[in-house]
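> Turn this into a structure:
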Amino acid sequence: MGAAARIFSQVEYRYLVAAAFVFGLFMDILDTTIVNVALPRLAEEFHANTATLEWVVTGYVLSLAVWVPASGWIGDRFGTKKTFLFATAMFVIGSALCGRAWSIESLVAFRIVQGVGGGMLVPVGTAMLYRAFTPAERARASAILSVPTMLAPMLGPLFGGFLVDAVSWRWIFYVNVPVGVLSFLFSWAVLKEHREPGAGKFDPAGFLLAGLGTAGVLFSLSRGPDDGWTSPIVLLTGLAGIASFVLLVYFETHNPAPMLDLSLYASRLFRTANLTGAMFMCAQFGMLFVLPLFLQQLLGLSAFESGLTTFPQPVGQILMVQFTSRMYHRLGPRLNLLIGTGGILFTTLLFLLVNLDTGLWWIRGLLFLRGCFIAFNMVSMQTALFSAVPREKTGRASSLWNTSRQLAVAVGVAVAATVLVAALPGGSAGTAAGLAGVPQAAGLFAFHATVAALAVVGALAVVFAYQVEERQQQPVPRLIPVGEGHGAASARATAVARDVVD
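Below you'll find the predicted structure:
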């Protein structure tokens, strides 16, 4: 460890934090997308029907839903390093157990364990990253963060398809173990502990209501396209989730030390950046859902060929991200977000011109251009969002953003799946079959209808981007009470924090 410590001491701490987080973030997002490729093989292995099989994905998502909202308080209370290491360890243990699963039921249970780690890994890592970078440098932090965020969903199908076909489905989980162990050791060696003295005591109402609300809404959104939006289970879970959110707002706004700091939404910059980001994630992940169906089931490409066709998108993002991180301070958040969201809307509309005779290189070029605009969005959105947050509230802001991100992704997929099913002949086949087995003309119409719906979502992103403040606000000193959680025995201390006044 002595040699390693000497090497690490020569590297700025903020970049060590970035490296640790990128490790964990890439592993978490890659796992989310890679599992979908293995579902047909899992059905054969365990003789599972579709309803049971979907719990391999749903169980993980619901586990995330419980722990993502709570992660900010957990990191503030127990320390971000301890929480990040615990999350990494849980993810690795869950992955190893998934690889050893002997039945579909055991696999679902181990996916829930894996989700405990995944639910805390990203929000806590995001908070560490934005604390390590000063407000003036957060565009650079957002650039670092954006690469695994968009690269992993593209690599997942490629890598997953290779492992399932050439090795075994178990290796889509086993591959996380050596990567996770390296991530754990690296994080343990380089990260510094950070706690917030004003974290307060455990908020059982906030924890319970946030978990129930997020899980209920996510479950309803995931089942709605297949079961129908009037299905009793979809209606009950969706309404229960919404009711939980309503109660959550009431209890958290009347709690002197809430788990979720909803007062952050009082900042116009935080609020509008969140809304812009949510609409962008809806449009983007809705497209990630429907485009592979078009490429594989209408154009007849294999999963690997489909992945190669969509791969230019992260390439465009990676090439553009350094440019966009520099342009943020020159153009300001509003103009950057208008360029990004406007570009996503423009490229979405261009997909309305794609038909069965369109060349793959035209689609690749369109996706490359889309990746360039994604870079504008990812850098500007997160930089603007966290620039409105006092340093001591970074963990809570990260929980709020990652919760809304999870919900936005689910909404985007639900919108795309619902429109796709409704536009198909009969409109009741569900999303399991997708565009398979339908006449090509009908399939193309359904694809275009879905793209049109996603264009509407993209237009909403442009509208919210226009509401973002034109000029970046300068941080000014403000007295912020510290240590006023429940039963705080210490005297009321105050710390000067650099905050953004709305």
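> what is the mean pLDDT for stretch 81-100?
Per-residue pLDDT over stretch 81-100 has a mean of 93.
> how far does that stretch sit from the chain's center?
Here stretch 81-100 is found 18 Å from its chain centre; the criterion is Cα atoms, centre = their mean, to the nearest Å.
> mind listing what's buried in it?
Counting neighbours by 16 or more other Cβ atoms under 10 Å, one finds that the buried residues in stretch 81-100 are 81-88, 90-99. In this view, the C-beta of every residue, glycine as well, is placed from N, C-alpha and C.
> those helices in the stretch 51-200 of the chain, which residues are they?
55-78, 80-99, 104-132, 138-166, 171-174, 176-190 (DSSP state H, counting those that start in this stretch).
> for stretch 215-225, the distance to its chain's centre please.
Centroid separation between stretch 215-225 and its chain, computed with Cα atoms, centre = their mean, is 16 Å.
> swap in stretch 327-335?
The chain centroid and the centroid of stretch 327-335 are separated by 24 Å, computed with Cα atoms, centre = their mean.
> Residue 274 - nearest residue in space that isn't next to it in sequence?
Sequence neighbours aside, residue 404 is the residue nearest to residue 274 in space, at 5.7 Å (criterion: Cβ to Cβ, 6 or more residues apart in numbering).
> just to revisit the earlier point, residue 287 is nearest to which of the helices of the stretch 51-200 of the chain?
Closest of the helices of the stretch 51-200 of the chain to residue 287 is helix 138-166, at 10.9 Å (criterion: Cβ to Cβ).
> Could I get the average pLDDT for that closest one?
For helix 138-166, the mean per-residue pLDDT is 72.
> next one: stretch 122-131
On average, stretch 122-131 scores 84.
> can you dump the C-alpha coordinates of it into PDB?
Below are the C-alpha coordinates for stretch 122-131, written out as PDB (Å, rounded to 0.1, in the frame of the first residue of the first chain):
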ATOM      1  CA  VAL A 122     -25.000   6.400  -7.800                       C
ATOM      2  CA  PRO A 123     -26.500   9.100  -5.500                       C
ATOM      3  CA  VAL A 124     -23.700   8.900  -3.000                       C
ATOM      4  CA  GLY A 125     -21.000   8.800  -5.700                       C
ATOM      5  CA  THR A 126     -22.600  11.900  -7.400                       C
ATOM      6  CA  ALA A 127     -22.600  13.800  -4.100                       C
ATOM      7  CA  MET A 128     -18.900  12.900  -3.500                       C
ATOM      8  CA  LEU A 129     -18.000  14.100  -7.000                       C
ATOM      9  CA  TYR A 130     -19.800  17.400  -6.800                       C
ATOM     10  CA  ARG A 131     -18.300  18.100  -3.300                       C
END
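> Show me which positions of it end up buried.
Across stretch 122-131, burial judged by 16+ other Cβ under 10 Å covers 122, 123, 124, 125, 126, 127, 128, 129, 130, 131.
> Which strands and helices lie in contact with the longest helix anywhere in the chain?
Ranked by number of residues, the top helix in the chain under DSSP state H is helix 312-350. Applying 3 or more Cβ pairs under 8 Å, 6 or more residues apart in numbering; DSSP states H and E, we find helix 312-350 packed against helix 138-166, helix 268-293, helix 360-387, helix 440-467.
> how is the protein carved up into domains?
The record's domain parsing of the chain by automatic domain parsing lists 1-192, 204-256, 271-485.
> So for residue 263, which of those sits nearest?
Between residue 263 and the domains of the chain, the shortest separation by Cβ to Cβ is 7.8 Å, and it involves domain 204-256.
> For that closest one, measure first residue to last.
Length of domain 204-256, first residue to last, Cα to Cα, to the nearest Å: 13 Å.
> Tell me how far that domain lies from the chain's centre.
Relative to its chain's centre, domain 204-256 lies at 19 Å (Cα atoms, centre = their mean).
> hang on, the earlier thing: for the helices and strands packed on helix 312-350, which one sits closest to residue 308?
Of all these, it is helix 138-166 that lies closest to residue 308, at 7.3 Å by Cβ to Cβ.
> Give me the angle between the one helix or strand residue 216 maps to and helix 55-78.
Secondary structure from DSSP states H and E places residue 216 in helix 204-227. If you take axes from the mean of the first three to the mean of the last three Cα atoms, to 10 degrees, helix 204-227 sits at 160 degrees to helix 55-78.
> Show me what helix 204-227 is packed up against.
Judged by 3+ Cβ pairs under 8 Å, 6+ apart, the packing partners of helix 204-227 are helix 55-78, helix 232-253, helix 394-423.
> Wait, residue 163 touches residue 172, no?
Yes: using Cβ atoms under 8 Å, residue 163 makes contact with residue 172 at a distance of 5.2 Å.
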